[in-house]
Every structure is written in C-alpha cells, then in structure tokens.
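**Student:** this is a predicted model, with the sequence first.
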Amino acid sequence: MLMGQLELRERIQGCIRGEVLIEEPLSLHTYFRIGGPAEVMVYPADLEDLKALLRVARDEAIPLLILGGGSNVLVRDGGVRGLVINLSRTFLELEASGEQIRCGASVRTSRLLALSAMSSLTGLEGLSGVPGTVGGAIKGNAGTPLGAIVDHLDWIRLVDGLGEERHLTREELGPVYRHCTIPEGSAIVEACFTLRRGRATEIRGTLSTLLARRNLTQPVEVRSAGCFFKNPPGDFAGRLVEQAGLKGLRRGGAQISEKHGNFIVNLGGATAADVFWLIERARALVMVKTGVELELEIQVVGSPTAG
C-alpha cells in the first residue's frame, strides 16, 4: 500500500460520514464465519460516501474489496489488506412498479423473491434458496439449473473508480456461467428487473417447493459459502466429488458435506487453511478419477498469512 493504516483511516474519516473500523475480523461478516481481519473496513453512510471511498481507493492505488452479504466468499486467514467497503447497511431500497422491480444492491435475494410473489411477478423463482444480496448475485451471475439472476435483468447502476454513476445493460455485463463483467474498482448500487405477470399463489407455491427441496439436499443447517465448484459442462461438481469418495472428508473444523459433495461446511473453528486443504484434495482426486478439472465458484480474497 502507498498509505499506512493510520494515514488511510484519517484520510477516509475526513471525507465520509460512515463508520470506519480497523482490523475488523471478516469472519464476523461472511456466511462461512472464516477469515482474518480487514486492515480498514468502512460502512458508507450513503451514495456520496461510496463515491468518495472509490475515488480515494483509485487515487491512492489502495487494494479494494466490495463486500455485500458475504455469502459466496472465502477470506484467507491472513485477512485483507487495504480497504474493504461493506455495503450491507446501504442501498436497501426495493419497489415494484408494473412488471418491473427496482432494488438496491444490498437487498437480500430472499426479499426480492418475496416482493415478486407479492406483486404477482414471475421469472425469478429459480433463485429460491440462493443466499446473499442482489449485487453479489449479479456479479457472480448466481442461479440454479432453473435459471440465473441475469435472465430477467434490464440494467444495473454502479459507481466507478472516478466516483461517477453509470448504467450498464444486461448485454454490457457480458454474462456467462457464474460471472458478469463488472468494471474494476466499481460497486453496483441498484438493479432493475422486468418480469412477467403470474398468479401469486402459484409463484409462492413454486418458491416453497424449491426451498423445501434445497433444505433436503443441501447442508443449510451449518455454515458454508455455498457451492464451491462450478458445474463442468454436462455434469455436476457434487456428483464428481461424491464419486471420488470424498463426502464427509474432514480437516480441522472443515468438512466436505455428507449431504452434498459441492459444499464445504464449517463445523466449528475451521480455518481457511483447512478449507483449502479440502479444496486441493477434492480437485486432485476428481482429476485422477475422472479427468475433470474442477474450477472454483466461490470468490477467494485475502492473504494466507498476516502482513
């Protein structure tokens, strides 16, 4: 970094109204409950705070991480150097108008689905049970075999590294399997979806059925970061891990789920090092047994060791 920790904190506190935290444990801010501290973590109070923070990060070449719900991220044990912007307290607006829903990037996907059902708007049911926030889901093009979040996305509004607001259409995001291209150094703040009219009772029924199925087949009762590996073409990563005989394999407090092979769970006290041991073991054995190279779906951030 070009700035020391105290200098960075003073610079940030001088230009925003939000809360600034030093050496904040990121294990408190992710679903997985794993990971070292953020050198500096900030909760922007509003859009102007976010613009100022992104400009500081760009101007001073400060490493930057945008954190939302923390559902699909693994933070390494050494933590994250630089600046972490935590958006979980801002950009929570959510409204339906006609066949459109506009929502802030920090809205939970479950809230988005609840409003779509209440408004008799269909199209997003395939996301039932997908955790996290709308912004993170768009960045990772989250979805299930029934559909992805960008299928009904019209546009997003983001703030770039210059502190300027921009609109990008679905096509401009270049969506592919589990990925959308978001300009580096920027943060999504809003999204707009266009859906179809349906029957509220049928939409709620579909959501309930899919959620019940997820609860039966996935380890929702313990901490995890969601699916760890992308499904290879024509197959399922969980099936390949199970075929390799790895379900239930444990390292420290981390375990490849006994319920679903594409989940690694935190049974208590797991470290990122434990998780990475399981990841490498799974990738190696699946490659040997099937010739398939598993690709990570989760976002990995931070350093293995402090400093």
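**Tutor:** That came through fine. As the structure is a computational prediction, the values presented were derived from the model and not from experiment.
**Student:** alpha carbons only for contacts and neighbour counts from here, please
**Tutor:** Noted.
**Student:** ok, Glu48 to Ser208 distance?
**Tutor:** Per C-alpha to C-alpha, to the nearest Å, Glu48 is found 39 Å from Ser208.
**Student:** quick check: Leu87 touching Leu67?
**Tutor:** Yes. Assessed by C-alpha atoms under 8 Å, Leu87 is found in contact with Leu67 at 6.2 Å.
**Student:** pLDDT at Met1, what is it?
**Tutor:** Met1 is assigned 40 on the pLDDT scale.
**Student:** I'd say Ile62 and Gly82 touch.
**Tutor:** Yes. Here Ile62 reaches Gly82: they are 5.7 Å apart, a contact under C-alpha under 8 Å.
**Student:** tell me which of those two has more neighbours.
**Tutor:** More crowded of Ile62 and Gly82, by other C-alpha atoms under 10 Å: Gly82, with 22 against 18.
**Student:** in three-state terms, label the more buried one for me.
**Tutor:** Using DSSP: H, G, I helix; E, B strand; the rest coil, the structure places Gly82 in strand.
**Student:** likewise Ile101?
**Tutor:** strand.
**Student:** just Gly226 next, same as before
**Tutor:** strand.
**Student:** spit out the contact partners of it.
**Tutor:** Ser71, Asn72, Phe263, Ile264, Ile298 (C-alpha atoms under 8 Å, 6 or more residues apart in numbering).
**Student:** tell me the pLDDT at it?
**Tutor:** 90.
**Student:** now do the one 5 residues further on
**Tutor:** For Asn231, the model assigns a pLDDT of 95.
**Student:** tell me the secondary structure for it?
**Tutor:** coil.
**Student:** kindly report the same for Glu242.
**Tutor:** Going by three-state DSSP, the state assigned to Glu242 is helix.
**Student:** what would the contacts of Gly226 look like in JSON lines with secondary structure, pLDDT and neighbour count?
**Tutor:** Output for these, formatted as JSON lines (DSSP: H, G, I helix; E, B strand; the rest coil; pLDDT from 0 to 100; neighbours: other C-alpha atoms under 10 Å):
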{"residue": "Ser71", "secondary structure": "coil", "pLDDT": "90", "neighbour count": "24"}
{"residue": "Asn72", "secondary structure": "coil", "pLDDT": "91", "neighbour count": "24"}
{"residue": "Phe263", "secondary structure": "strand", "pLDDT": "97", "neighbour count": "25"}
{"residue": "Ile264", "secondary structure": "strand", "pLDDT": "97", "neighbour count": "29"}
{"residue": "Ile298", "secondary structure": "coil", "pLDDT": "94", "neighbour count": "18"}
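**Student:** counting by contacts, list what the helix or strand hosting Glu280 packs against.
**Tutor:** If you go by DSSP states H and E, Glu280 is part of helix 272-290. Counting contacts by 3 or more C-alpha pairs under 8 Å, 6 or more residues apart in numbering; DSSP states H and E, helix 272-290 is packed against helix 237-243, strand 250-251, strand 254-256.
**Student:** hey, where'd the helices end up in the stretch 101-250 of the chain?
**Tutor:** All helices of the stretch 101-250 of the chain, identified by DSSP state H, counting those that start in this stretch, fall at 109-118, 134-139, 200-217, 237-243.
**Student:** ok, which of those comes nearest Lys259?
**Tutor:** If you check each of those against Lys259 by C-alpha to C-alpha, helix 200-217 wins as the nearest, at 6.3 Å.
**Student:** same question for stretch 268-281, mean pLDDT?
**Tutor:** pLDDT averaged over stretch 268-281 gives 97.
**Student:** do stretch 154-172 as well
**Tutor:** 97.
**Student:** what comes up buried for it?
**Tutor:** Counting neighbours by 16 or more other C-alpha atoms under 10 Å, one finds that the buried residues in stretch 154-172 are Asp154, Trp155, Ile156, Arg157, Leu158, Val159, Asp160, Gly161, Leu162, Gly163, Glu165, Arg170.
**Student:** contacts only, for the third one.
**Tutor:** In other words, Ile156. His167, Leu168, Thr169, Arg170, Ile188, Val189, Glu190, Ala191, Cys192.
**Student:** for it, give the beta-bridge partners.
**Tutor:** Leu168, Ala191 (DSSP bridges).
**Student:** which residues of the stretch 51-200 of the chain fall in strands?
**Tutor:** 64-67, 73-75, 80-86, 94-97, 100-104, 121-122, 143-144, 147-148, 153-159, 165-169, 187-194, 196-197 (DSSP state E, counting those that start in this stretch).
**Student:** just say which of these is most tucked in.
**Tutor:** Among the strands of the stretch 51-200 of the chain, ranked by average contacts under mean count of other C-alpha atoms under 10 Å, first place goes to strand 73-75 (a mean of 26).
**Student:** rounded mean pLDDT for that one, please.
**Tutor:** Mean predicted lDDT for strand 73-75 stands at 96.
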